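Novice: my questions concern the predicted model and sequence given below.
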Amino acid sequence: MAKQDTSQARSVKQRIFIVEDHPTFREGLVQILNAEKDLVVCGKAGTADLALKEITRLKPDLALVDITLPGKSGLELIKELRRDNRTVKVLVLSMHDEALYANRVLKAGGDGYIMKQEDPSEIVHAIRDVLAGHIYVSEEVLAATAKESATRPAKRKARAFDELTDSELEVLNLIGRGKSNQAIARQLGASLANVAAHSARIRKKLNLKSSRALFRYAVCWVETAAT
């Protein structure tokens, strides 16, 4: 009887909650994960606020979270989950370059970062890795993090963009990718006034004199971070 109970326990599927605002991509993930013998999608949401409510209700083993969501970002969602001491594992699945966001995700309390263009089999591997209690990031990010930790002086001045909030960093990233304020507002589900306010704060923190200077800085920063 004990052996039968053990076998049943091992057959229980790990429950995954998907936070992704693009319906087609979200449904593709549902099909991929539900096809695995040890995984099942227990819920899904297109916004951080809805995800927070549903994750609280459903108590999944892992949340698969996009960074760019309407309203609150995926980073804000992770911080809220950790603030409430929820034990759900969080793996970020994003189109944004890992070099730009992986460290912020880990600092916010996330358990890993993988890019959307990775092969579905690698995404499944990353999910299993995080469920097993490991941190999942690329070897390049691990090496860069280790190098920085080993060489950083105690009073090293933070890089300018480290002073930006997560929302401001997201706006800077989109500016650097050539997005207009209108396009940024649509993508983030924000007002034009809100995007303009973010841009003004970014310029002030980075000591940039004009919108044109901000655009040049953003483009150079994105290109540098991606190399």
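Specialist: Nice, thanks for sending it over.

Novice: where does this protein dip in pLDDT?
Specialist: 1-11, 85, 139-161, 223-227 (pLDDT under 70).

Novice: per-domain residue ranges of it.
Specialist: Listed domain ranges for the chain are 10-144, 160-225 (source: automatic domain parsing).

Novice: any chance you could map the helices in this protein?
Specialist: Here the chain has its helices, by DSSP state H, at 2-11, 23-34, 48-58, 74-83, 98-108, 120-131, 139-151, 166-176, 181-188, 192-206, 211-225.

Novice: between those helices, which gets nearest to residue 66?
Specialist: Of all the helices of the chain, helix 74-83 sits nearest to residue 66, with 5.4 Å by C-beta to C-beta. All C-beta atoms are positioned from the backbone trio N, CA, C, and that covers glycine.

Novice: which other helices and strands does the closest one contact?
Specialist: On a contact count with 3 or more C-beta pairs under 8 Å, 6 or more residues apart in numbering; DSSP states H and E, helix 74-83 meets helix 48-58, strand 62-65, strand 89-94, helix 98-108, helix 166-176.

Novice: give me whichever of these is most buried.
Specialist: strand 62-65 (a mean of 26; mean count of other C-beta atoms under 10 Å).

Novice: how far off centre is that one?
Specialist: Centre-to-centre, strand 62-65 and its host chain are 9 Å apart (C-alpha atoms, centre = their mean, to the nearest Å).
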